[in-house]
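Just a sequence and a predicted model for now, questions to come.
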Amino acid sequence: MALATAAGTRPPLREVAGVPLPATTVDNWSQIQGFEAQPDDLLICTYPKSGTTWIQEIVDMIEQGGDVERCQRVTIQHRHPFLDWARPPQPSGSTYLQRPVLSTHSEGVDRAAAMPSPRVLRTHLPTQLLPPSFWENNCKFLYVARNAKDCMVSYFHFQRMNQTLPDPGTWEEYFETSVSGKVAWGSWFEHVKGWWEIRKKFQVLFLFYEDIKRNPKQEIQKVMQFMGKNLDGPVLDRIVQETSFEKMKANPMTNHSSAPKWILDQSISPFMRKGTVGDWKNHFTVAQKERFDEIYKQKMEGTSIHFCTEL
């Protein structure tokens, strides 16, 4: 089922089991579902705009033992294959995605399959849509959750500049689209609840964006232990420093500055915009806040998860 776009010029979303997804992802659904996970895979799982690039850089820095030069070997989008990604039709001569891939293939799955073990992969998929082989192989999952209000604001600006997703329209329009879960990868509520509920049944390290912001060293240590790595204090301090928002925003290997305008138009909004906690206050009206809080209460009833919305 196709979902209408606000502008009509960008590709519409389509649905799999009631979850809206980019059309190219749906076109490659059987290949994504058939993906063969391996027992030593680490899958980074996030709802969009919850700190995906941030946790990727943290994981890579740990993997490379804090070696900054090794982390500059290639841009972040090419280090950890994005399983959901199938490229949109591209203008001739574009090099951002490096090599021609048949339109019937998920580039993320192809890249992952070609990668030596142990692999670090990533996805935005909710638990119910994850390829079954991840559960069957008891893989490790690293989930980062961000408070719903800041996530919505960040996603709004991301959709404004991301030419592969529907135009979000005005903030007022987007607010309605978002609370009804009609955005790519579906409802924030369902996504976060799904991962929270399975966190003790599988090897899941569940982190909060706000905690990483508040105490990066402590949270990075958790990731390091989860990955089975043991790095000394000075290396850990370097990782904290190198993965700060300011460093990553200025780093061409992490800020997606090499992305062409037909994918990410950073003249509209930068890929790495603010990276703060509490920016929602600059967007939500009083009426929107009250309405959102009511919806949040209903949707999250019965769950023990607790978010911080300001630091």
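Okay, I see it.

CA only for contacts and neighbour counts going forward, please
OK.

Need the phi and psi values for Leu264.
phi -120, psi 110 (degrees, to the nearest 10).

correction: Glu15
When read as degrees, to the nearest 10, the backbone of Glu15 gives phi -110, psi 140.

Pull up the gap between it and Gln72, please.
As judged by Cα to Cα, to the nearest Å, Glu15 and Gln72 stand 37 Å apart.

cool, Trp262 as well?
Trp262 is 24 Å from Gln72, where distance means Cα to Cα.

residue ranges of the strands in the protein, please?
When assigned using DSSP state E, the strands of the chain occupy the ranges 2-3, 13-16, 19-22, 42-46, 120-123, 140-145, 203-208.

Tally up the residues packed near Val223, please.
Other residues near Val223 number 20, with proximity taken as other Cα atoms under 10 Å.

wait, Glu290
Glu290 has 12 neighbouring residues, counting by other Cα under 10 Å.

Could I get the pLDDT score of it?
In this model, Glu290 is scored at 97, pLDDT.

Ok, Pro11 next?
With respect to pLDDT, Pro11 has a value of 84.

thought it was touching Ala23?
Yes: with contact defined as Cα atoms under 8 Å, Pro11 and Ala23 form a contacting pair (7.1 Å).

Helices of the stretch 101-250 of the chain, residue ranges please.
Remark: helices of the stretch 101-250 of the chain, listed N- to C-terminal, are 107-113, 133-136, 148-161, 171-179, 188-197, 209-214, 216-226, 233-242, 245-250; assignment by DSSP state H, counting those that start in this stretch.

what pLDDT, on average, does the fifth one get?
To tie it back to what came earlier, the one meant is helix 188-197. Per-residue scores along helix 188-197 average to 98.

List the buried residues in it.
With burial defined by 16 or more other Cα atoms under 10 Å, the residues of helix 188-197 counted as buried are Trp188, Phe189, Glu190, His191, Val192, Lys193, Trp195, Trp196.

of the residues you listed, closest to Phe134?
Nearest to Phe134 among the buried residues of helix 188-197 is Trp195, at 13.7 Å by Cα to Cα.

For that closest one, list the residues it contacts.
Taking Cα atoms under 8 Å, 6 or more residues apart in numbering as the criterion, Trp195 is in contact with Pro126, Thr127, Tyr143.

Noted, bye for now.
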